[in-house]
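Chemist: Pasting the sequence and the predicted model now:
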Amino acid sequence: MAELPERFRGCLLGLALGDALGAPYEFSRPEEIPQGARVFARFGRMMDLPVGTVTDDTQMTLALAESLIERGRLDGEDAARRFAQLWQRGVIIGPGLASSEAMGRILGGIEWDRAGCPEGRAGNGAAMRVAPVGLLRWQVVDALIADARTQSIITHTDKRAVAGAVVVARAVSLCLAADGFGVEEFVREVVRVAALDSVELGAELARLPGWLGASPEEVVPEIARAGQPAFPDRVITPFVVPTVVACLYAFLRTPRDFQESVSCVIGFGGDTDTTAAITGAISGSLNGEQVLPEELLRHLRVGRYRPNLAEELRHAADELYRIAASG
């Protein structure tokens, strides 16, 4: 079992690695995506950007982490300001529509806690960036839930989106706390915290044990319809319910195999940068930095303006561990 500081690093590095691995396949269908380790061949290759480039998932995660480190706690106003600066400076890569709308309102003078998209807009933008809350608050569940909710409403106020963020943060904290790892206990707890805000998400997550014995090919259509039973497609959309269910299915199939979990969720197609980022964060939290391929980590970057991203993420993880350990 990796030491706790290594798992903090594994969380943030795993998220960025998943983001860069999934981004080249975003909006692809499962039949268009190579299987298994072959998905790694297009690592971080997007448009005319350098190899290893991450997207808004990692950018917003790092902005949230930096806010938590500077303030020592969740300060919604400060986090929102840091998010908005990414848009103001024109450096955000592949942002979601809801987050862009919220940032436009903040830059236009709307207060941070009134700018989020309303009920009915249940995207995965709050869930994709929440991992640092799971790190900082891993030992204090009530504070974790409160902070995950607060950072969510900056962009998403729909209860399903909020619940998705709470689940991801709690999944990270459960992995950090694990000496052994029990699937049943893990599922029971994520169902519990999901249902605090969204009975719908909790009910879909409760189906995970029955899905884990089935192949991804069998399960993808069911997960793609999670929370939207009439949905005809077979890819994971940015809707938060199938996103979170897909990520936890991919992780729980192979909790000790980072590369298999990430390649599995990328193979589902759709919003692959976000699903791989969330899955990578959770898997990294359990397994630590040492399971991540160093030859890929050293290429992580934010386009052309932040070329040494792995070192930045390691530093952020170490600082979050320091603050969390100090109580």
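Modeler: Sure thing, it's come through. Numbering: from 1, shown residues only.
Chemist: Quick check: next helix or strand after the helix or strand containing residue 104?
Modeler: Element membership of residue 104, judged by DSSP states H and E, is helix 97-107. Next helix or strand after helix 97-107 toward the C-terminus (DSSP H and E): helix 125-128.
Chemist: what does that next one contact?
Modeler: 56-57, 60-61, 96, 98-99, 148, 151-152, 154-156, 161-162, 164-165, 167-168, 238, 240, 243-244, 274, 277-278 (CB atoms under 8 Å, 6 or more residues apart in numbering). Every C-beta, even on glycine, is put in place using the N, C-alpha and C of the backbone.
Chemist: Out of those residues, which end up buried?
Modeler: Among the contacts of helix 125-128, the ones that count as buried by 16 or more other CB atoms under 10 Å are 56-57, 60-61, 96, 98-99, 148, 151-152, 154-156, 161-162, 164-165, 167-168, 238, 240, 243-244, 274, 277-278.
Chemist: Run a quick check on residue 95 versus residue 87, I expect a contact.
Modeler: Yes - counting by CB atoms under 8 Å, residue 95 does reach residue 87; the two are 7.3 Å apart.
Chemist: Now the common contact residues for the two.
Modeler: With CB under 8 Å, 6+ apart, residue 95 and residue 87 have common neighbours residue 103.
Chemist: Quick check, pLDDT for residue 35.
Modeler: We have a pLDDT of 82 for residue 35.
Chemist: How many neighbouring residues does it have?
Modeler: For residue 35, the count of nearby residues is 12 (other CB atoms under 10 Å).
Chemist: For it, which residues are in contact?
Modeler: Contact analysis of residue 35 by CB under 8 Å, 6+ apart lists 263, 267.
Chemist: Now do residue 14 against residue 71, distance only.
Modeler: Here the criterion is CB to CB, to the nearest Å. By it, residue 14 lies 24 Å from residue 71.
Chemist: higher neighbour count, those two?
Modeler: residue 14 (33 against 13).
Chemist: tell me which element the more buried one falls in.
Modeler: Going by DSSP H and E, residue 14 is in helix 4-22.
Chemist: any idea of the mean pLDDT for that helix?
Modeler: Rounded mean pLDDT across helix 4-22 is 97.
Chemist: Could you list the buried residues of it?
Modeler: Applying 16+ other CB under 10 Å to helix 4-22 flags 5-22 as buried.
Chemist: Residue 21 touches residue 279, doesn't it?
Modeler: No - contact criterion CB under 8 Å: residue 21 and residue 279 do not qualify, at 10.0 Å.
Chemist: what about residue 34, how many neighbours?
Modeler: 14.
Chemist: Is it in contact with residue 41, as I believe?
Modeler: Yes - here residue 34 reaches residue 41: they are 6.9 Å apart, a contact under CB under 8 Å.
Chemist: From residue 9, how far off is residue 310?
Modeler: In terms of CB to CB, residue 310 sits 9 Å off from residue 9.
Chemist: same question, residue 96
Modeler: Separation of residue 96 from residue 9 (CB to CB) stands at 26 Å.
Chemist: Over to residue 40?
Modeler: Separation of residue 40 from residue 9 (CB to CB): 20 Å.
Chemist: ditto for residue 231
Modeler: 37 Å.
Chemist: Please apply the same query to residue 178.
Modeler: 16 Å.
Chemist: Name the nearest residue to residue 254, ignoring sequence neighbours.
Modeler: When the adjacent residues along the chain are set aside, residue 254 lies closest to residue 260, with 4.3 Å between them (CB to CB, 6 or more residues apart in numbering).
Chemist: now do residue 221
Modeler: residue 234 (5.1 Å).
Chemist: Also residue 24?
Modeler: Per CB to CB, 6+ apart, closest to residue 24 is residue 42, 4.1 Å.
Chemist: Correct me if wrong: the one you found contacts residue 26.
Modeler: No - checked against CB under 8 Å, the pair residue 42 and residue 26 is beyond contact range at 11.2 Å.
Chemist: Show me what the helix holding residue 14 is packed up against.
Modeler: helix 56-71, helix 131-136, helix 159-177, helix 258-266, helix 272-287, helix 294-297, helix 309-325 (3 or more CB pairs under 8 Å, 6 or more residues apart in numbering; DSSP states H and E).
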